[in-house]
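**Student:** below are the sequence and a predicted model; questions follow.
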Amino acid sequence: MECQECHKRPATLHFTQVINGDKTEVYVCEVCAKEKGYMTYPEEGYSLHHLLSGLFSPPFETQQNTPRKQTKELQCPKCEMTLSKFKQVGKFGCSQCYQTFEEYLDPIFRRVHSGNTAHHGKIPARKGGDLRIKKEVDAYREELQRLIKNEAFEEAATIRDKIKELEKKLGGDEG
Amino acid sequence: MTLQQFMNEAISPWMREDGPDSDIVLSSRIRLARNFAKYSFPILADEDDLDHISTFIRKEYENQSFQSYKSFSFIPIQDLTPVERRVLVEKHLISPHLAEQGHSSAVLISENEQVSIMVNEEDHLRLQLYFPGFQLTEALGKVFELDDWLEEKVNYAFDEKRGYLTGCPTNVGTGMRASVMMHLPALAWTQQVNRMIPAINQLGLVVRGIYGEGSEATGNIFQISNQITLGKSEEDIVEDLQSVARQLVEHERRARSRIMEQSSKRLEDRIYRSYGILSYSRIIESKEAATCLSDVRLGIDLGIIENVSRSILNELMVLTQPGFLQQYAQKSLTPNERDVLRASLIRERIQLEN
C-alpha cells in the first residue's frame, strides 16, 4: 500500500484518528507521519515555546523528492511576517498570516489540538450570518432525510419550506 | 486604612457570593481571545494601530454597562504603578503578560469585577468572566452574550475553516480557555492528585497552580483548564472539563470522609496546629501561610473549626500576596518585612472572626 500523503513511499504506519466522533484510518510512510503531524512525540520538555517552534519539521525544505526551489522567502503581505520568523517565534503576526502560511498549518494544528484542523464552534453573529444560515440549512437537510426515511412526509414538507426560506435569505445576501 | 476597609477593596464583590459546590470549587472562569480583523496582532502591530484599538474600546465601552455588569472602568496599564499592576494580577483581573505591557495596553473591568476585558495583550481582546463556585455552563452562556455584545461594534478576525484567529496557534478556533479553581487538600495529602494529573492530561486538560502557567499548586489549589481550542465546540469543551471536575469533586469528598473515618485525630491535630500558626505566628512565608490556610479551610468545611467564615481562604490567599501586602503598607517591602506584615495581617483577620 502506498502512503496516502506523498503517494510515493510505501505506507509503513497506520493511524486511527477520532475527530469529533468520526473515525478515520490513515496509512502513511514514516516521513509523512512526522511531517504532517500524525505522530506525537513523548514529552520533549515543557516549554511551550520550544514545543511550538519544534513543530515545524525541517524536512519541509530539505526534502529531495520535491525539488521546490524557493528563491524568495514566503512573507505575509499584510504584516510582513516571514516564514522563518514565524517558525522561530511560533506566533502569527496578523489574520492574513493564516492564509499566507496555510500550507504549513495543518501539521501544526494537528499536533497542538490532538489531530484537529478545523473549527467546530461559535460563529460570529453579525459577520457569520451566511455561515450560520448554511449550517442551519445543513442541519435541516439531515432532519429532512430522516423524516423521509420514516415516511413522515407532512413534517418533511414543513422542513423543506424552511430550507427554501433560508436559502432565499442566502441568495439575497450574496446578490 | 483599617483592615476591614482594605479587605473590602481587595476582595472582588463577586467572590463574596457562594456558588454551587463552593466547598471545593472556588471559582469558574471562561476566557475568550478575540482580534480585530483590520489590524495586525499586538506582537507585530505598530503603535498607532494599537492606539486606535485602545482609544476605540475606551470611547465605546468606558462607563457602559452590559446587562447586570455595571459601569465598566477603563484602566490604561501605563497609568498604574508596579504595585498596582501586581495587585490586579493577584486578583486575576489581568494576566502577568498584560502587566508588563506599556503603551496602549489597558483593561476594562466591570464594577463587581466579574468581567474583565484585556486590551492589547497577546491578542487585541481577551474577555474574561468569573462565576463563584462550580458554574461553567452559566459562565459560558454569559460570556457568549458578552461576546455578541462586543461584536456589534467590532469586526472580529474569523475564518470559516479555522474559526477565531489568534496570535498563538494554541488558541485558534474557539479562542476559549475554560477553567475551574479547585481546593483539593484531601486528594493532595493522600498523593492521589499526582496520580490523577497524567490521566487528566490525556483528556486534553491541563492542571496548574493558582497563578496559571508555571505556577505551583500552593495551598492545594489547582486550576484545571482545557488545552485544545480547535475542532471541538465550546459546549463540548466545557462539558468535558465539567465532567472531569465533577469527578474530582466526588473523589475529594470521598477522600475527605475517608480521612475523617480513619485518622480523624491526626487530621484534627493538623488542622488545629495550622490554626495555631496562623493565629500566633509573627513571621510567615507565603508558602507556609498557603498550606496553613488550606488546612484551616478544610477544618471549616469539615465542621472541625467553627465560628470562622469559609471565605477566609479565598480572602487571605489573595491578601497575603506580595502585591497586596505592599499596597496595604503603602510602600515597597523587603521579603522579610513582607513575612512580618503577612503574619500580622493574618492574625488581625482571624481576630475579626471572634
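**Tutor:** Arrived safely.

**Student:** contacts and neighbour counts: CA atoms only from here.
**Tutor:** Will do.

**Student:** what about the chain, any weak spots by pLDDT?
**Tutor:** Unless you meant another one, I'm taking chain A. Applying pLDDT under 70 to chain A flags the ranges A:17-22, A:39-71, A:126-130, A:170-175.

**Student:** um, chain B though
**Tutor:** B:1, B:210-217, B:354.

**Student:** any idea where the helices of it begin and end?
**Tutor:** Here chain B has its helices, by DSSP state H, at B:3-10, B:47-61, B:82-90, B:96-99, B:136-151, B:185-189, B:192-202, B:234-280, B:286-301, B:312-319, B:322-329, B:335-353.

**Student:** cool, chain A as well?
**Tutor:** A:30-35, A:48-53, A:59-62, A:83-89, A:97-100, A:102-112, A:129-149, A:153-174.

**Student:** in JSON lines, list those along with mean neighbour count and distance to chain B.
**Tutor:** Putting those into JSON lines (neighbours: other CA atoms under 10 Å in any protein chain shown; distance: least, CA to the nearest CA, whole Å) gives the following:
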{"stretch": "helix A:30-35", "mean neighbour count": "19", "distance to chain B": "17"}
{"stretch": "helix A:48-53", "mean neighbour count": "15", "distance to chain B": "8"}
{"stretch": "helix A:59-62", "mean neighbour count": "12", "distance to chain B": "19"}
{"stretch": "helix A:83-89", "mean neighbour count": "15", "distance to chain B": "10"}
{"stretch": "helix A:97-100", "mean neighbour count": "18", "distance to chain B": "8"}
{"stretch": "helix A:102-112", "mean neighbour count": "19", "distance to chain B": "6"}
{"stretch": "helix A:129-149", "mean neighbour count": "15", "distance to chain B": "8"}
{"stretch": "helix A:153-174", "mean neighbour count": "14", "distance to chain B": "16"}
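
**Student:** as TSV, the ones you listed with distance to B:Leu345 would be great.
**Tutor:** Below are the helices of chain A laid out as TSV (distance: least, CA to CA, whole Å):
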stretch	distance to B:Leu345
helix A:30-35	56
helix A:48-53	38
helix A:59-62	59
helix A:83-89	44
helix A:97-100	51
helix A:102-112	44
helix A:129-149	54
helix A:153-174	63
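
**Student:** around chain A, pick out the residues from the stretch 51-200 of chain B.
**Tutor:** B:148, B:151-152, B:155-158, B:160-163, B:165-170, B:173-174 (CA under 8 Å from any CA of the partner chain).

**Student:** switch the cut-off to 7 Å
**Tutor:** B:Asp148, B:Ala157, B:Lys161, B:Arg162, B:Gly163, B:Leu165, B:Gly167, B:Cys168, B:Pro169, B:Thr170, B:Gly173, B:Thr174 (CA under 7 Å from any CA of the partner chain).

**Student:** most neighbours among those residues, which one?
**Tutor:** B:Gly173 (33 neighbours; other CA atoms under 10 Å in any protein chain shown).

**Student:** partner residues bridging that residue?
**Tutor:** In this entry, B:Gly173 is beta-bridged to B:Tyr164, by DSSP bridges.

**Student:** show me what contacts it?
**Tutor:** A:His119, B:Arg162, B:Gly163, B:Tyr164, B:Leu165, B:Thr229, B:Leu230 (CA atoms under 7 Å, 6 or more residues apart in numbering or on different chains).

**Student:** TSV please, covering those residues and showing distance to A:Val137.
**Tutor:** Output for the contacts of B:Gly173, formatted as TSV (distance: CA to CA, whole Å):
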residue	distance to A:Val137
A:His119	18
B:Arg162	21
B:Gly163	19
B:Tyr164	22
B:Leu165	25
B:Thr229	25
B:Leu230	23
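
**Student:** what sits against B:Pro20?
**Tutor:** So B:Pro20 contacts B:Gly133, B:Phe134 (CA under 7 Å, 6+ apart).

**Student:** check the gap between it and B:Asn155 for me.
**Tutor:** 36 Å (CA to CA, to the nearest Å).

**Student:** and B:Val89, by the same measure?
**Tutor:** For B:Val89, the distance to B:Asn155 - CA to CA - is 29 Å.

**Student:** ends of stretch B:63-75, how far apart?
**Tutor:** Stretch B:63-75: ends 11 Å apart by CA to CA.

**Student:** so what touches that stretch?
**Tutor:** B:Arg58, B:Tyr61, B:Glu62, B:Ala106, B:Val107, B:Leu108, B:Ile109, B:Ser110, B:Glu111.

**Student:** picking that back up, A:Tyr98: which of the helices of chain B is closest?
**Tutor:** Nearest of these to A:Tyr98, taken as CA to CA: helix B:47-61 at 19.7 Å.

**Student:** and the closest one, how far from the chain's centre?
**Tutor:** Relative to its chain's centre, helix B:47-61 lies at 26 Å (CA atoms, centre = their mean, to the nearest Å).

**Student:** again with stretch B:28-41
**Tutor:** 19 Å.

**Student:** which parts of it are buried?
**Tutor:** By 16 or more other CA atoms under 10 Å in any protein chain shown, the buried positions in stretch B:28-41 come out as B:28-37, B:39-41.

**Student:** can you list contacts of it?
**Tutor:** Contacts for stretch B:28-41 (CA under 7 Å, 6+ apart): A:79, A:93-95, B:45, B:49, B:123-136, B:139-140, B:154-157, B:164-167, B:175-181.

**Student:** looking at the residues you listed, which are in strands?
**Tutor:** B:125-132, B:164, B:176-181 (DSSP state E).

**Student:** which one of the residues you listed is nearest B:Leu325?
**Tutor:** Comparing those against B:Leu325 with CA to CA places B:Met181 closest, at 22.8 Å.

**Student:** the closest one contacts B:Phe222, correct?
**Tutor:** Yes - if you go by CA atoms under 7 Å, B:Met181 and B:Phe222 touch, sitting 5.7 Å apart.

**Student:** the two: which is more packed in?
**Tutor:** A direct count of neighbours by other CA under 10 Å for B:Met181 and B:Phe222 places B:Phe222 higher, at 28 against 24.

**Student:** quick check: beta-bridge partners of that one?
**Tutor:** Counting by DSSP bridges, the residues bridging with B:Phe222 are B:Met182.

**Student:** contacts only, for it.
**Tutor:** Counting by CA under 7 Å, 6+ apart, the residues that B:Phe222 touches are B:Met181, B:Met182, B:His183, B:Val207, B:Arg208, B:Gly209, B:Ile210.

**Student:** dump those into JSON lines; add distance to B:Met317 as well.
**Tutor:** Output for the contacts of B:Phe222, formatted as JSON lines (distance: CA to CA, whole Å):
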{"residue": "B:Met181", "distance to B:Met317": "13"}
{"residue": "B:Met182", "distance to B:Met317": "13"}
{"residue": "B:His183", "distance to B:Met317": "12"}
{"residue": "B:Val207", "distance to B:Met317": "19"}
{"residue": "B:Arg208", "distance to B:Met317": "16"}
{"residue": "B:Gly209", "distance to B:Met317": "13"}
{"residue": "B:Ile210", "distance to B:Met317": "10"}
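
**Student:** now, which of those sits nearest A:Glu25?
**Tutor:** B:Val207 (31.1 Å).
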